[in-house]
Every structure is written in structure tokens, then in C-alpha cells.
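J.: can't give you the sequence, but here's the structure:
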């Protein structure tokens, strides 16, 4: 049985700290604006913005004018991960843009619904693909062709709509489905 002190520690909210380190690259006005923004999100009533008639402060002794990518403390810049993602992407047609007669949906956790089964005491190994929408027979043919499997080893259960593939092939099937854009 848990003691009350343990329960209190388990459900206590961690303190809200200012996530930005105080260094030379951040101007004090930026830190003040960021902390006000954090405080505004915590309260239920919106607070009025700082004096809108004043202009952004000029360079200070701590932060030179060319201190980094921060142009204005009031301007919101995109996260670094988004900038990196945009730099990596190119304008090539993605496989997901190709129209297919079938679609394999993902689970709520974002994974593909591909599962491995072991039957007959582990002697018979199967892989099941669930959450298939559209033409399941076309998916069966495309999967057999894409993984170079005999079509008789890929079976369609018409009652449940699941595909069963002989052998433990979860990694191959998920890689193929992701390559197809699902």
C-alpha cells in the first residue's frame, strides 16, 4: 500500500521554470517577454500585451546587434526542428501522393497495424496486417509482388479483412508499407 507522502509526490506538479538559459545571446527584453508569455499561458484570463507604442530596444552591452537569428522579441520564429525538416525536404513526388485502390491506416499510437503470430506451439509463424481499407485483393497482389512472395503465402480473410502472410515478416512488411507512403 502506498503512503500518503508517496501519493503526494506522484501527483504534485513540477514547478514551471524559465526554459531559456541566461547567456549573452539572449537580450534581457527577450527573456522578460518570454517569461510574460509563459505566465500568460498559465493564467486563465488573457493579460494585455506589453506597451505596444514602444519600439524594440536597441543593442545592449550584453547582446550585440548581430547576436544570432533572433530579430525581435515579439516576433515568433519557427522551432529549430521544423527548420531542419524543411531544409531536408525536397520537392519530389512522395509515394503517398500516388493514388492506390487500398489504404493501410495507422493505430492511434502512430504505428502500422502489422503483428506477428506463432501458432502450433511456435511451429507455424504468421504475420497479420490489419486496418486495411479499400481493395484488399489489390494490396495482396502488390504485397506479394513487392516482397517477392508467392501469392499462395499471402491469404486474405474475407470476414475480418486482414491479410495473413506466412512467416515472421513484420520488419519487411512495415518497411514496404512505409516505402509506399502509409
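T.: Cool, the structure landed. Computed from a predicted model, the values in this text were never measured in an experiment.
J.: gap between the two ends of stretch 124-139?
T.: 23 Å (CA to CA, to the nearest Å).
J.: per-residue confidence at residue 100?
T.: pLDDT recorded at residue 100 is 88.
J.: what is the burial count for it?
T.: Residues near residue 100, counting by other CB atoms under 10 Å, number 16. Where you see a C-beta, it was placed from the backbone N, CA and C, and this is true even at glycine.
J.: kindly report the same for the one 4 residues further on.
T.: If you count neighbours by other CB under 10 Å, residue 104 ends up with 23.
J.: quick one, grab the pLDDT at it.
T.: 95.
J.: what do you get for residue 167?
T.: 96.
J.: and it, what is it in contact with?
T.: 125, 126, 127, 153 (CB atoms under 8 Å, 6 or more residues apart in numbering).
J.: and the gap between residue 157 and residue 144?
T.: Separation of residue 157 from residue 144 (CB to CB, to the nearest Å) stands at 16 Å.
J.: of these two, which one has the most company?
T.: residue 144 (17 against 11).
J.: who touches the helix or strand in which residue 142 is found?
T.: Under the criterion of DSSP states H and E, residue 142 resides in helix 136-147. Helix 136-147 is contacted from outside by 100-102, 104, 129, 132, 149-151, 153-154, 156, 161, 163, 165, 169, 172-173, 176, 180, using CB under 8 Å, 6+ apart.
J.: buried residues in it?
T.: 136, 139, 140, 142, 143, 144 (16 or more other CB atoms under 10 Å).
J.: against residue 157, how distant is the closest residue in space to residue 172 that isn't next to it in sequence?
T.: Here the nearest residue to residue 172 in space, its sequence neighbours aside, is residue 147; by CB to CB, 6 or more residues apart in numbering that works out to 5.7 Å. Note on residue 147: its distance to residue 157, by CB to CB, is 19 Å.
J.: which element is residue 177 on?
T.: helix 170-180.
J.: if we can go back for a sec, pick the one among the buried residues of helix 136-147 closest to residue 116.
T.: Taking CB to CB as the measure, residue 116 lies nearest residue 143 of these, at 15.5 Å.
J.: other residues contacting stretch 117-134?
T.: Here stretch 117-134 has contacts from 100-107, 113-116, 139, 143, 160-170, 173, using CB under 8 Å, 6+ apart.
J.: can you select the buried ones among those for me in PyMOL?
T.: Buried residues within those, by 16+ other CB under 10 Å, are selected in PyMOL with:
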select buried, resi 100+102+104+113+114+139+143+162+163+164+165+169+170+173
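J.: what residues are up against the nearest residue in space to residue 135 that is not next to it in sequence?
T.: Excluding the flanking residues, the one nearest residue 135 by CB to CB, 6+ apart is residue 101, at 3.9 Å. By CB under 8 Å, 6+ apart, the residues touching residue 101 are 134, 135, 138.
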